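1. Build me a structure from this.
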Amino acid sequence: MNLTEIIVDYRENQSAVWEYLSTLPDVRLRWENLPTGDYIVERRAIFERKTAPDFAASLIDQRLFSQAKRLADHPLRAGIIIEGSSDDWSTLGVRREALQGALLTLTLIFNLPVFRSHDPKETAQLLLYTGHQFVRLGEDVPRHRIYKAKRKRTQQLHLLSTLPAVGPDRAYRLLDHFGSVQACITASADELEKVPGIGPKTAAAIRDLVSSKANPSLSGRQKPI
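-> Residues are numbered from 1 along each chain as shown. Next up is the predicted model:
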């Protein structure tokens with residue numbers, strides 16, 4: 001019998017998800033401190049699990065999108081599982097438009113698939129089914145090419161975030177708008193200003209940095225005594 005390995009973050013030790021998984025004979029559970037996500041399946045996919053109230057709270061206090069960035073930058077395939085019944089969603093106190101906007105951002109901006117689950121048991125079944133699919137399809141599922149692409153994107157975002165007044169948020173917008181680091185740094189100030197969040201001062205600072213020549217006196221070479 002093939003066992004599905006699922007790594008569980010220690011913060012999930014009070015959830016009913018791992019309790020259900022622990023009763024299944026074809027699952028091998030491991031506990032770890034995961035800096036990102038809650039569950040790693042077959043070391044090939046990582047999931048963040050949120051109950052409906054936690055999803056709403058993380059949207060209000062702005063944790064949601066910072067978590068989404070970390071997931072999107074993770075070398076494994078990543079997804080979000082939102083757990084809750086229709087009754088749970090009706091009592092959140094968050095406008096439907098805000099929830100819909102968050103879901104659109106997660107799927108279209110961060111490229112994170114979002115799965116809906118009714119309860120912890122269904123969440124566990126989603127994780128298990130993911131593992132079964134990886135095992136069943138085996139080498140038919142592309143692996144290294146996707147990992148390499150995600151690592152490359154992470155490096156590109158890190159490089160762009162070091163530009164003047166850019167940071168992580170604007171780095172995402174720049175890369176999504178221009179498609180490559182080279183296109184970003186060769187863009188004119190007018191072209192840079194077309195990116196949401198990039199104003200004239202930021203555009204000018206970027207152009208000044210990338211077009212400045214190195215100062216020989218700052219090269220680190222000492223003059224002979």
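2. I'd guess I40 is in a strand, am I close?
-> Yes: secondary structure assignment (DSSP: H, G, I helix; E, B strand; the rest coil) places I40 inside a strand.
3. who are the neighbours in contact with it?
-> Shown here is I40, whose contacts under the criterion Cβ atoms under 8 Å, 6 or more residues apart in numbering are 6-7, 34, 46-47, 76. Quick note: C-beta positions are derived from backbone N, CA and C, even for glycine.
4. per-residue pLDDT, N13?
-> Per-residue pLDDT puts N13 at 85.
5. so who does it touch?
-> Residues near N13 by Cβ under 8 Å, 6+ apart: W31.
6. what pLDDT, on average, does stretch 38-55 get?
-> On average, the pLDDT along stretch 38-55 is 93.
7. Kindly tell me how buried A72 is, as a neighbour count.
-> Under the neighbour criterion other Cβ atoms under 10 Å, A72 is assigned a count of 19.
8. does it really touch N111, like I thought?
-> Yes: with contact defined as Cβ atoms under 8 Å, A72 counts as touching N111 (6.3 Å).
9. For P75, see how far away G37 is.
-> Taken as Cβ to Cβ, to the nearest Å, the spacing of G37 relative to P75 amounts to 12 Å.
10. Ramachandran coordinates for D38?
-> Main-chain torsions, D38, degrees, to the nearest 10: phi -120, psi -30.
11. show me where the chain has helices.
-> Using DSSP state H, the helices assigned to the chain run over residues 16-22, 52-60, 63-73, 86-90, 96-104, 120-137, 144-161, 167-178, 181-186, 189-192, 200-211.
12. Compare the mean pLDDT across these and name the weakest.
-> Comparing mean pLDDT across the helices of the chain, the lowest value falls on helix 144-161: a mean of 66.
13. So what touches stretch 117-124?
-> Residues from elsewhere that reach stretch 117-124, judged by Cβ under 8 Å, 6+ apart: 15-21, 24, 49, 81-85, 126.
14. Buried only: go through those residues for me.
-> Among the contacts of stretch 117-124, the ones that count as buried by 16 or more other Cβ atoms under 10 Å are 15, 17-18, 20-21, 49, 81-84, 126.
15. Okay, the closest residue to Q156 other than its chain neighbours and T162: tell me how far apart.
-> In space, not counting the residues next to it along the chain, Q156 is nearest to V181; the distance is 5.2 Å by Cβ to Cβ, 6 or more residues apart in numbering. When Cβ to Cβ is the yardstick, V181 and T162 sit 11 Å from each other.
16. Of those two, which one has the most company?
-> V181 (17 against 10).
17. and the more buried one, what is it in contact with?
-> 156, 159-160, 175.
18. Return the closest of the residues you listed with respect to E97.
-> L175 (27.4 Å; Cβ to Cβ).
19. contacting residues around that closest one?
-> With Cβ under 8 Å, 6+ apart as the criterion, the residues that contact L175 are 153, 156-157, 160, 181, 184.
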